[in-house]
Each structure stands twice: as C-alpha cells, then as structure tokens.
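A.B. asks: dropping the sequence and predicted coords here.
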Amino acid sequence: MLKRLRINNQIKAIEVQVIDENGKQLGTMKTFDALKLAREKDLDLAEVGPNVQPPIAKIMDYGKYIYRKKRQEKKSGPKQKEQERKTVRVGFKTGTHDLEFKAKQIKEFLNEGHIVKIELTLRGREKALAHLGKEKLNNFIKLIGEEFAVQEAVKRSPFGWTTTIKK
C-alpha cells in the first residue's frame, strides 16, 4: 500500500531540514521559506521524514514520485499465479476404463500446475464397505503414475474418501 506524504501546505512543522531535487542538503530553514524555494523551482515540498526533529522535507515533483512508487509497487507485486484447485470425483463402482480416463485427466491437470482434489464417493450401503473404498482410492492414485506430492493424505469425509495432490 502506498504511503501518502504531507506536501506543501499540509506540512505542520515550523522548521524543516530541506533536501533539494538533486539530493543536496540545504540545511534547516523555516517551512515557509522552503515552500517558497520549491514554488520558485515549480516543484513540491514533501515531508519524507516526519518522525525526526526537525522533520525532513524534500523538494520534488510529487506527481512523478507517486507515479514511480505505483509502478514499483506493481512490479514487486505477486509474481506467482494463483493455483487453481481441480476436483475429480470417482464413484465406488466406477469401471476400470473410466478410472484410466480420469487418471489421464489428473495427469493433465498436474502438468498444468493445478492442485487436484480426488474424491471417492460412497453411497448408501457402500458406506459400510468404507475400508474397500479407501483401498480403491489408493489403487486409483497408483494408476495416475505421474510424480506428485501428496498435499493432504487420504482421509474420511462425510461422503467417502478424499485426498489432495500436486506436482
């Protein structure tokens, strides 16, 4: 977030330590005189060091200063793109061909840099065979074959089993 500086008539101090537009120290002077000097050069007087006694004020083009700060802030912003989470659902009775197709789909998602959440859903009486469901999910994960990191281990959820993987 860009910090706003006090400029020109917003400066409350009676005396300020002045730095000119080239970075040269001009010494301590009355704020009124420093403001007059800045206006003669068609520039602004900005308070850059308000916490010292007397405050430090610099003669500068404030509009140009704000522009440069915004550009710098934009460049140093988030470099990494947000990873999208993809979800792939597999049923307890899903056939082998469908599992192979979904495994291929997961490989593509991982190669694109997405995080993939795999859900094995259990319905009705299948919930009584939860241990078989977990086994089926583990076998499905082996079917993916792609190198990946397990972000969230296989765990029970209200509708079955879930796990999260990424490349």
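C.D. replies: Arrived safely, thanks for sending.
A.B. asks: give me the domain ranges for the chain.
C.D. replies: Listed by automatic domain parsing, the domain ranges of the chain are 6-75, 85-166.
A.B. asks: can I get the ones you listed in a markdown table with mean pLDDT and mean neighbour count?
C.D. replies: (Each C-beta comes from the backbone N, C-alpha and C, glycine too.) Formatted as a markdown table, those follow (pLDDT from 0 to 100; neighbours: other Cβ atoms under 10 Å):
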| stretch | mean pLDDT | mean neighbour count |
| --- | --- | --- |
| domain 6-75 | 86 | 15 |
| domain 85-166 | 86 | 15 |
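A.B. asks: need the longest strand for this structure.
C.D. replies: strand 149-157 (DSSP state E).
A.B. asks: partners of the helix or strand following that strand in the sheet?
C.D. replies: Going down the chain from strand 149-157, the next helix or strand is strand 160-166, by DSSP states H and E. Strand pairing for strand 160-166, using DSSP bridges, gives strand 115-121 (antiparallel), strand 149-157 (antiparallel).
A.B. asks: ok, and what's touching strand 160-166?
C.D. replies: 83, 85, 92, 106, 110, 114-122, 127, 130, 133-134, 137, 141, 144, 148-155 (Cβ atoms under 8 Å, 6 or more residues apart in numbering).
A.B. asks: stretch 119-131 too?
C.D. replies: 87-93, 133-134, 136-137, 140, 156-157, 159-162.
A.B. asks: how far off centre is the longest strand of the chain?
C.D. replies: Offset of strand 149-157 from its chain centre (Cα atoms, centre = their mean, to the nearest Å): 25 Å.
A.B. asks: just the CA trace of that strand, in PDB.
C.D. replies: This file holds the C-alpha atoms of strand 149-157, laid out as PDB (Å, rounded to 0.1, in the frame of the first residue of the first chain):
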ATOM      1  CA  ALA A 149       3.400 -34.700  -3.900                       C
ATOM      2  CA  VAL A 150       0.600 -35.600  -1.500                       C
ATOM      3  CA  GLN A 151      -0.600 -32.300  -0.100                       C
ATOM      4  CA  GLU A 152      -3.400 -33.800   2.000                       C
ATOM      5  CA  ALA A 153      -3.300 -37.500   2.900                       C
ATOM      6  CA  VAL A 154      -6.200 -39.900   2.300                       C
ATOM      7  CA  LYS A 155      -8.900 -39.100   4.900                       C
ATOM      8  CA  ARG A 156     -12.500 -39.800   5.600                       C
ATOM      9  CA  SER A 157     -15.100 -37.300   4.600                       C
END
